[in-house]
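[1] Please find the sequence and the predicted model below.
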Amino acid sequence: MARDTRLANQAWEALFRAQATIAQELTAGDVWGDLAPSEYGVLYALSTAPAGLRMSELSKDVLLSQAGLSRLIGRLETRGLIDRQTDPDDARASILRLSKAGVHVQRRVGAMHGRHVAEALSSRLGDDQLTTLRELCERILAPTASTMEVPK
């Protein structure tokens, strides 16, 4: 493991700036229709969970405050893109799922977004570099001893 503080901070800065640059390009793209990128993020997260997600599970995938996520869910529900059902294991909680309309919108926007992502990254990196980038990011996301919870 690298222990060079300066190098670690330079790597973080480069990663942060690269992500911000690509995110700006993708947000500016004409793929979202009447969705905000954060709304699409919720639809995408729900598309990967056919059994649905609780709000607490969804909040792990979406970078919004609890209040912001609740308002966003309310808007998507009002537009008929998600369904809310009482959690059979806990009547205080709800399970969120894509509605049929939500599945359609997520697939349509997702296909355009996927092409936009591929274009943005492939114009800068070759296949070997994309593979390396994916592997490095997966490594960063993997739990480490310092990020794992210690039982009490």
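    Done, it's in.

[2] Pull out the buried residues from the helix or strand hosting Arg71.
    Under the assignment given by DSSP states H and E, the secondary-structure element containing Arg71 is helix 66-78. Judged by neighbour count (16 or more other CB atoms under 10 Å), helix 66-78 contains these buried residues: 69, 72-73, 76-77. Where you see a C-beta, it was placed from the backbone N, CA and C, and this is true even at glycine.

[3] Gly52 versus Arg108, what's the distance?
    For Arg108, the distance to Gly52 under the criterion CB to CB, to the nearest Å works out to 21 Å.

[4] who has more neighbours, the two?
    Looking at Arg108 and Gly52 with other CB atoms under 10 Å, you find the greater number of neighbours at Gly52, namely 18 against 13.

[5] Could you pull up the contacting residues of that one?
    Shown in contact with Gly52 (CB atoms under 8 Å, 6 or more residues apart in numbering): 46, 85, 95-97.

[6] again, but for Arg75
    Glu39 are the contacts of Arg75 under CB under 8 Å, 6+ apart.
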